[in-house]
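Peer 1: Prediction below, plus the sequence it came from.
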Amino acid sequence: MTLTNFLSEKKTVILNRWYDSILNTYPSETAKFLKGQKNPFLNPVGATTYQGIEKLYEYLVQDAEKDKVSLYLDSIIRIRAVQDFTPSQSIRFIMSLKAVIKNELKEEIETHRLHAELFAVELKIDDFSLLAFDIYMKCREKLYQLKVNELQGWTYRRLQKADEVYKKECVYEDIHNELIEFERKEVAK
Amino acid sequence: MAKTPKPDELSKIDYAPPQSAWMDTPAELKEGNWCYGAKPKNLETLHFPNPREWRVQDEDWKLPENWQEIILKGMKDLLDKYRSFRVFMDICVRCGACADKCHFFIGSGDPKNMPVLRAELLRSVYRGNFTKAGKILGKLAGARELTYSVLKEWWYYFFQCTECRRCSVFCPYGIDTAEITMMGRELLNLLGLNTDWISGPAANCYMKGNHLGLEPHTIVGNLEYMLDDIETVTGIKITPTFNRKGAEILFVTPSGDLFADPGTYTCMGYLMLFHELGLDYTWSTYASEGGNFGFFTSNELAKRLNSKIYAEAKRLGVKWILGGECGHMWRVLNQYMDTWNGPADFLQVPKSPITGTVFENAKSTKMVHIAEFTADLIKNGKLKLDKSRNDNLKVTFHDSCNTSRGMGIFEEPRYIINNTCNHFYEMDELTTREKTFCCGSGSGLNAGENMEIRMRGGLPRANAVKDVVDKYGVNMVANICAIDRAVLTASLDYWVPGTGVTGVHELVANALIMKGEQPRTTNLRGMPLPGTEGQE
Amino acid sequence: MNAILSLFAVIGLALIAFIGVKVAHLEFLFGTAIPYIALAVFLIGVISRVLKWGRTPVPFRIPTTCGQQQSLPWIKQSKLDNPSTGAGVIGRMFLEVFLFRSLFSNTKFELREGPKLAYSSTRWLWLGGLAFHWTFFVVLIRHLRLFTEPVPGFLHSIEALDGFLQVGIPGVLISGVVLLFAATYLFLRRVFIPSVRYISLAADYFPLFLIMGVALSGILMRYVVRVDIVSVKMLTMGLASLSPVVPEGISAIFYVHLFLVSALFAYIPYSKIMHLGGVFLSPTRNLANNSRMVRHINPWNYPVEVHTYEEYENDFREKMKKAGLPVEKE
């Protein structure tokens, strides 16, 4: 028996443990909802998370859908990146899979001396973590980009306005001052 | 994002928060979840109490000495004025039916975002001060004292509610958290506790007529930009009028559509439609705002800002008023305007000059929703539409909270979309019509500094969009709300990149065959029309 | 914690009555005085509460619209979910009050998704709530037989219907049993659903325990510790005819039952149980969505400070003129 066999055999148990460990990062009142409500439209966080880790696990065991790994990681991390988590809390759920596997397959690993294989699996999980870090940063950058976009939209229109008014030989001063004040305000924030 | 933890905290496998009762867990005001505090300048403009420089993250919010007294007196006042408030304070049985209905709870997992608990924040203080049971039994009866920390908790969570009313659909007694939040914000404003993002636009609107603070000449200038763009696309020169006395119709729309993409395209849609119809209408620079950030502040301010619409209609001597696509604007127009500033007896019952249809459902308020107006035009065959011009779009429709649960305008926009687009796909029925999910940034929460909470709140909506994107290749989310147009753009960019946002009248304008137009090669956004790609 | 305190409070109440009758022989107090006081507190409390609500104005017409509005004639209006007439509102309220329609709408679509227990919990809430309230109502009505002589016919029919199982002697009345089970269910879901436990107050557990205590003591009286029904009826008829008598030999369990009922009645006006009155007064449900057709009047509407057009033009006159906008004053 290889570790892969055991991982496939105990897929449901390990996945559920892993899922529980992720849900435990939420308040218990919420965890129950996230776990209980199965409709993906009414519970996008729970549904996306479960679907994501299931696919990651499949890749871990069977190398299935390799190119989609970052997609599934992304779906989970995109959510955690805007929730009340520190960066490490946002991605540590990946590492917790290691502990879950070691716990659940303790005997099997000892009896069948699967340490080498386990090491390989752990390396893969480490890769997930690194990838997750990249994705997390991308999400956060995106957030700031969105803030900048909204701000730029404002500034751009103000500039346009200033330009237009100038063309009409109207009250350029006003707009200019307004613009300066607007930017000062934004900087102050 | 939370604070950086210490190394030993990192090693903990489970991060489960402490298990203490909600009353014993003071709110931790986390950055990314709140908006900046109101600036003194704006509060002064509006003659609101306690204008001062203050920062949310500071311990001291510089409140007046007797702030508790002010709040309790205010609460008593509201309890005497609003049956809704009094009844909703008394009758909740905490059955939990609303608990998982809030987009902020679904997206954030913060239990205090459960609607019932948001209301309990107020209710606990109500019980402690206004009920016998609460005064005698205290905490046992769910009562608590009004402390500084409770006040901060109010601030934090009443500005984490978008007043979308989704919870009230599922409540067996119709308890409406929007109503609770409005009362909460009204109380906070007694102490000068508003957000900059709300009080700024409200002050602008008060002095300059619109939230963005566009001065009269700028409004004209902004529209001229659009008219140039329209001429480029259609070859038609449009000359709308402003502040014109004797026009038949006054047109009022949210100022956001005058200012930022993609709302501007919707605005071009209005201009093109009215031109094609030869409608005798006028814009106003004084009543240049359909939306109402006063509604997110206090009843009185909302009424003050709203008053301009009827006043201007009266001054200009129009017969009736047509309103553009906006969400909370229509909750206000449908449920508040006539009561506040009516009766509009100087106006006439709205009658479409094109079809002769009398809008009986607006016979008192005398204000018609543009979706009603346009649906009637299409039904009567008054518009020549070429649906294929929108063939590059696969459209879904997002019902806006306020027009859904504060009005019930569901079929009109769908009818228009079906007559202007060939590819229309509904989102899952658990997330549309009266069950629609909020964009995540309504009720004045569409600031930049609270982007995290906006994204969380926007997740349930975006998630349903993602589903139709995956299933049908949807690439455009249509809606009838200016805030949607502004904020769904950001939210979808985060959750479902590549999905556009459009107003319904942009779709109309693209499909509209206008008299004397040049052959169109692009849509209003300057994108090549389907079938004409590469012809230039 | 909240639950345990509430449980002890109810047990305490039961003990007071038991000891009061068994040890102190205060039958008169528990049999007549306290029920009268409780009834008075109930009536005065409920009336004053409802009057307080009723006297508070409804400044705005704020129904939660859950369907298509009345619009153009060719667009089908959703007359129950978005009523624009009084009849529509009555229909909406009827479905709300008697069938808990809003609670049911929780689950309408989930049922279709399949029979997984995990997400049918909200349907259970609807069913549990419905069972609880209806059986409570039936039990209440059934008790009228103790206060009427001769007993009106409809009470016999209700009782016959209630005992349709036709098992046991005396025949098992299903309503009391269902009431007990439904109350227990409502209690258990408060304890076992973390989000509901999180929001639950002592004021949520206490009435549940009280009602469970009432039901339990009632059931015990009927099936286990039999009481002399003739004497009980003498007492209740005495209460009803305002000439109270306390016949000998009524077992203490009856006084426990009566005392818990008294406590419940006296408690109602000061508790969330008032929702039974409040639901009729909820402005998001009992108003028609016709505020664009008929002007809704706010009794305290007052004039507010506005920024007039004149002031606006004064601020911007020059700019307006330069932009070619018409002005009132040159």
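Peer 2: Arrived safely.

Peer 1: which residue is nearest the middle of the chain?
Peer 2: Since no chain was named, I'll use chain A. A:I77 (0.6 Å; C-alpha atoms, centre = their mean).

Peer 1: meant chain C actually
Peer 2: Here the mean C-alpha position of chain C is nearest to the C-alpha of C:L276 (C-alpha atoms, centre = their mean), at a distance of 2.8 Å.

Peer 1: Please report how far that residue lies from C:Y198.
Peer 2: As judged by C-beta to C-beta, to the nearest Å, C:L276 and C:Y198 stand 25 Å apart. For glycine as for every other residue, the C-beta is placed from the backbone atoms N, C-alpha and C.

Peer 1: cool, B:N42 as well?
Peer 2: Distance of B:N42 to C:Y198, given as C-beta to C-beta: 38 Å.

Peer 1: Over to C:I229?
Peer 2: 45 Å.

Peer 1: A:Q89 now?
Peer 2: In this view, A:Q89 and C:Y198 are 22 Å apart by C-beta to C-beta.

Peer 1: Pick out whichever of these two has more residues nearby.
Peer 2: C:Y198 (23 against 19; other C-beta atoms under 10 Å in any protein chain shown).

Peer 1: Now the one helix or strand A:L71 maps to: buried residues?
Peer 2: Element membership for A:L71, per DSSP states H and E: helix A:69-80. Neighbour counts over helix A:69-80 (16 or more other C-beta atoms under 10 Å in any protein chain shown) mark A:V69, A:S70, A:Y72, A:L73, A:D74, A:S75, A:I76, A:I77, A:R78, A:I79, A:R80 as buried.

Peer 1: ok, now stretch C:139-150?
Peer 2: Within stretch C:139-150, the residues that count as buried by 16+ other C-beta under 10 Å are C:V139, C:R142, C:R145, C:L146.

Peer 1: same thing with stretch B:496-506?
Peer 2: Under the neighbour-count criterion of 16+ other C-beta under 10 Å, stretch B:496-506 has B:V496, B:T499, B:G500, B:V501, B:T502, B:G503, B:V504, B:H505, B:E506 buried.

Peer 1: List the contacts of the closest residue to the second one other than its chain neighbours.
Peer 2: Closest residue in space to B:T499, ignoring its immediate chain neighbours: B:L492 at 4.5 Å, by C-beta to C-beta, 6 or more residues apart in numbering or on different chains. If you count contacts by C-beta atoms under 8 Å, 6 or more residues apart in numbering or on different chains, B:L492 has them with B:A462, B:V465, B:V477, B:T499, B:G500, B:V501.

Peer 1: What is the nearest of those to chain A?
Peer 2: Nearest to chain A, judged by C-beta to the nearest C-beta, of these is B:A462 at 8.2 Å.

Peer 1: pretty sure that closest one contacts B:A490?
Peer 2: No - the criterion here is C-beta atoms under 8 Å, and B:A462 misses it with B:A490 at 10.4 Å.

Peer 1: Next, the distance between the ends of stretch B:360-377.
Peer 2: For stretch B:360-377, the first-to-last residue distance is 16 Å (C-alpha to C-alpha, to the nearest Å).

Peer 1: Quick check: mean pLDDT of that stretch?
Peer 2: Taken as a whole, stretch B:360-377 has a mean pLDDT of 97.

Peer 1: so how far is it off the chain centroid?
Peer 2: How far stretch B:360-377 lies from its chain's middle: 20 Å, per C-alpha atoms, centre = their mean, to the nearest Å.

Peer 1: quick one: low-confidence parts of chain C?
Peer 2: Counting by pLDDT under 70, chain C has low-confidence residues at C:106-122, C:168-169.

Peer 1: ranges for the helices of chain A?
Peer 2: Taking DSSP state H as the criterion, chain A carries its helices at A:3-9, A:11-23, A:28-36, A:44-62, A:69-80, A:87-104, A:106-112, A:115-167, A:172-188.

Peer 1: How about the contacts made by C:T56?
Peer 2: B:L79, B:D80, B:K81, B:Y82, B:R83, B:R86, B:V87.

Peer 1: tally of neighbours for the fourth one?
Peer 2: The reference is to B:Y82. 25.

Peer 1: now do the second one
Peer 2: Here the count is done by other C-beta under 10 Å, and B:D80 has 15 residues near it.

Peer 1: Not counting sequence-adjacent ones, nearest residue to it?
Peer 2: Counting by C-beta to C-beta, 6+ apart, C:T56 is the residue found nearest to B:D80 once chain neighbours are left out, at 6.4 Å.

Peer 1: hmm, back to that, top of the contacts of C:T56 by neighbour count?
Peer 2: Highest neighbour count within those, by other C-beta under 10 Å: B:V87, with 28 neighbours.

Peer 1: Surely that one is in contact with C:W53?
Peer 2: Yes - counting by C-beta under 8 Å, C:W53 is a contact partner of B:V87 at 5.6 Å.

Peer 1: who touches both of the two?
Peer 2: Residues touching both B:V87 and C:W53 (C-beta under 8 Å, 6+ apart): C:G278, C:L281.

Peer 1: Quick one: residues contacting C:L258.
Peer 2: Counting by C-beta under 8 Å, 6+ apart, C:L258 has contacts C:A17, C:F30, C:G31, C:I34, C:P35.

Peer 1: rewinding a little: can you classify the residue nearest to B:T499 by secondary structure?
Peer 2: Under the three-state scheme (DSSP: H, G, I helix; E, B strand; the rest coil), B:L492 adopts helix.

Peer 1: Tell me the confidence at it?
Peer 2: Predicted confidence (pLDDT) for B:L492: 96.

Peer 1: Check the gap between it and B:L305 for me.
Peer 2: Shown here: B:L492 relative to B:L305, a distance of 30 Å by C-beta to C-beta.

Peer 1: Ok, C:K22 next?
Peer 2: The gap separating C:K22 from B:L305 is 69 Å, by C-beta to C-beta.

Peer 1: Comparing the two, which shows the higher neighbour count?
Peer 2: In this view C:K22 and B:L305 are compared by other C-beta under 10 Å, and B:L305 has more residues nearby, 29 against 13.

Peer 1: Can you tell me the closest non-neighbouring residue to the more buried one?
Peer 2: Nearest residue to B:L305, sequence neighbours excluded (C-beta to C-beta, 6+ apart): B:G294, at 4.1 Å.

Peer 1: And the one you found, how close does it get to B:V332?
Peer 2: With C-beta to C-beta as the criterion, B:G294 and B:V332 are 9 Å apart.

Peer 1: Could you work out the most separated pair of the buried residues of stretch B:496-506?
Peer 2: The span of the buried residues of stretch B:496-506, defined through C-beta to C-beta, is set by B:V496 and B:H505 at 23.3 Å.

Peer 1: Thought B:F410 was touching B:D399, still the case?
Peer 2: Yes - in this structure B:D399 lies within contact range of B:F410 using C-beta under 8 Å: 6.6 Å.

Peer 1: which residues do those two both contact?
Peer 2: With C-beta under 8 Å, 6+ apart as the test, B:D399 and B:F410 both reach B:R433.

Peer 1: Please work out which residues outside the helix or strand where B:V508 lies touch it.
Peer 2: Assigned by DSSP H and E, B:V508 belongs to helix B:504-511. Helix B:504-511 is contacted from outside by B:262, B:265-266, B:268-270, B:272-273, B:324-325, B:370-371, B:374, B:383, B:385-387, B:389-390, B:393, B:395, B:413, B:416-417, B:419-421, B:478-480, B:523-524, using C-beta under 8 Å, 6+ apart.

Peer 1: Recalculate using a threshold of 7 Å.
Peer 2: The contact list for helix B:504-511 (C-beta atoms under 7 Å, 6 or more residues apart in numbering or on different chains) reads B:265-266, B:268-270, B:272-273, B:325, B:370-371, B:374, B:385-387, B:389-390, B:413, B:416-417, B:420-421, B:478, B:480, B:523-524.
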